[in-house]
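Novice: here are the coordinates; sequence isn't available:
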């Protein structure tokens with residue numbers, strides 16, 4: 001049992017449910033990888049490599065995992081295929097723990113400055129605005145005073161959608177007319193939040209990626225303007241990625257981390273995809289903490305990510 005048995009049953013059940021499609025895909029492939037084999041040998045490892053790559057873990061991360069298991073086989077001499085799931089869990093968790101990133105326990109923001117400013121980035125269509133709404137709900141549920149800033153002023157739909165979420169959750173929003181300078185929205189949001197004693201500020205930004213130079217300039221300007229109100233803002237630049245896009249999510253992460261100083265990640269739509277392995281690849285490759293995962297459509301279906309819990313769920317057969 002050990003470390004894999006410490007999580008609340010409700011949270012684990014919801015995670016298992018959200019990862020169901022990925023779990024079914026992984027176990028279908030794993031069972032074929034070890035069929036007729038009692039021992040983890042070279043053929044099993046070759047098959048396992050294919051399982052991980054086709055589960056969107058990514059080639060680089062897969063190679064690291066396979067090398068670790070090869071070392072384990074060499075050290076332990078005889079490893080049965082029935083032990084493979086446990087070995088996978090242990091080696092993947094060990095790999096991710098070497099990223100020098102911490103898991104977040106809840107939405108309490110314990111020890112964080114006030115207001116804690118989150119600037120949200122990501123391309124259109126990844127679930128950015130919805131994730132902001134769910135974040136606002138979770139922070140409010142944790143007793144925090146939240147303010148939203150609608151700085152994606154290039155899309156009326158983005159501002160309107162965020163306004164709907166502010167009403168649904170019951171938190172204030174700062175919004176300006178379409179085409180307004182996004183930095184001015186961010187400035188006014190922080191000024192309002194500071195005056196009202198808010199705990200958390202969440203700023204939405206435009207999701208354009210067709211011109212990285214323009215994107216970088218825009219995000220840099222928003223940050224500079226916010227720092228006139230709160231010098232250390234934003235404490236968090238949260239990149240939203242759609243897990244269902246698999247390797248494309250990794251490419252988006254690569255482009256956004258080049259454009260701005262992303263220091264937290266959120267993976268959405270895990271419940272609707274068999275590509276949940278991409279969370280492992282992204283966490284490993286970018287050394288940026290995956291902070292939140294979306295595993296359903298309800299407001300409470302945004303969870304704080306815990307690597308041990310996630311890997312345990314992914315490689316534990318029902």
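Specialist: Great, that's in hand. All values derive from a computational prediction rather than experimental measurement.
Novice: What segments of the chain are helices?
Specialist: With DSSP state H as the criterion, the chain has helices at 9-18, 20-33, 42-54, 59-76, 84-97, 128-141, 156-169, 182-196, 212-226, 247-259, 278-286, 307-314.
Novice: Now the first one: average pLDDT?
Specialist: In this model, helix 9-18 carries a mean pLDDT of 82.
Novice: how about that helix: buried residues?
Specialist: 12, 14, 15, 16, 18 (16 or more other CB atoms under 10 Å). All C-beta spots, glycine's among them, are computed from the backbone N, C-alpha and C.
Novice: Mean pLDDT per helix and strand in the chain: which one sits at the bottom?
Specialist: Using mean pLDDT, DSSP states H and E, helix 9-18 stands out as the lowest-scoring helix or strand of the chain, at a mean of 82.
Novice: Does anything pack onto it? Which helices or strands?
Specialist: strand 302-304, helix 307-314 (3 or more CB pairs under 8 Å, 6 or more residues apart in numbering; DSSP states H and E).
Novice: ok, and what's touching the last one?
Specialist: Think helix 307-314. Applying CB atoms under 8 Å, 6 or more residues apart in numbering, the contact partners of helix 307-314 are 3-4, 7, 11-12, 15-16, 19, 22-23, 26, 89, 92-93, 96-97, 103, 276-277, 279-280, 283, 290, 293.
Novice: buried subset of those residues?
Specialist: 4, 7, 12, 15-16, 19, 22-23, 26, 89, 92-93, 96, 103, 276-277, 279-280, 283, 290, 293.
Novice: Identify the residues contacting the nearest residue to residue 288 once chain neighbours are set aside.
Specialist: Spatial nearest neighbour of residue 288, excluding adjacent residues (CB to CB, 6 or more residues apart in numbering): residue 265 at 5.5 Å. Counting by CB under 8 Å, 6+ apart, residue 265 touches 238, 239, 241, 253, 282, 283, 286, 288, 289, 290, 291, 292.
Novice: mind listing what the fifth one touches?
Specialist: In other words, residue 282. So residue 282 contacts 58, 241, 249, 250, 253, 265, 267, 290 (CB under 8 Å, 6+ apart).
Novice: Between these, which sits nearest residue 39?
Specialist: Using CB to CB, residue 58 comes nearest to residue 39 of these, at 27.2 Å.
Novice: Now do the phi/psi pair for the closest one.
Specialist: Main-chain torsions, residue 58, degrees, to the nearest 10: phi 100, psi 150.
Novice: Count residues in the vicinity of it, would you?
Specialist: 21 (other CB atoms under 10 Å).
Novice: Confirm for me that it is in contact with residue 250.
Specialist: Yes: counting by CB atoms under 8 Å, residue 58 sits close enough to residue 250 to count as a contact (6.2 Å).
Novice: what residues are shared contacts of those two?
Specialist: 278, 281, 282, 285.
Novice: What distance do you get for the residue nearest to the second one when sequence neighbours are not counted to residue 313?
Specialist: Closest residue to residue 281 apart from its sequence neighbours, by CB to CB, 6+ apart: residue 58 at 3.2 Å. With the distance defined as CB to CB, to the nearest Å, residue 58 ends up 19 Å from residue 313.
Novice: thinking again about what came up before, between the helices and strands packed on helix 9-18, which one is nearest to residue 222?
Specialist: Per CB to CB, nearest to residue 222 of the helices and strands packed on helix 9-18: strand 302-304, 23.6 Å.
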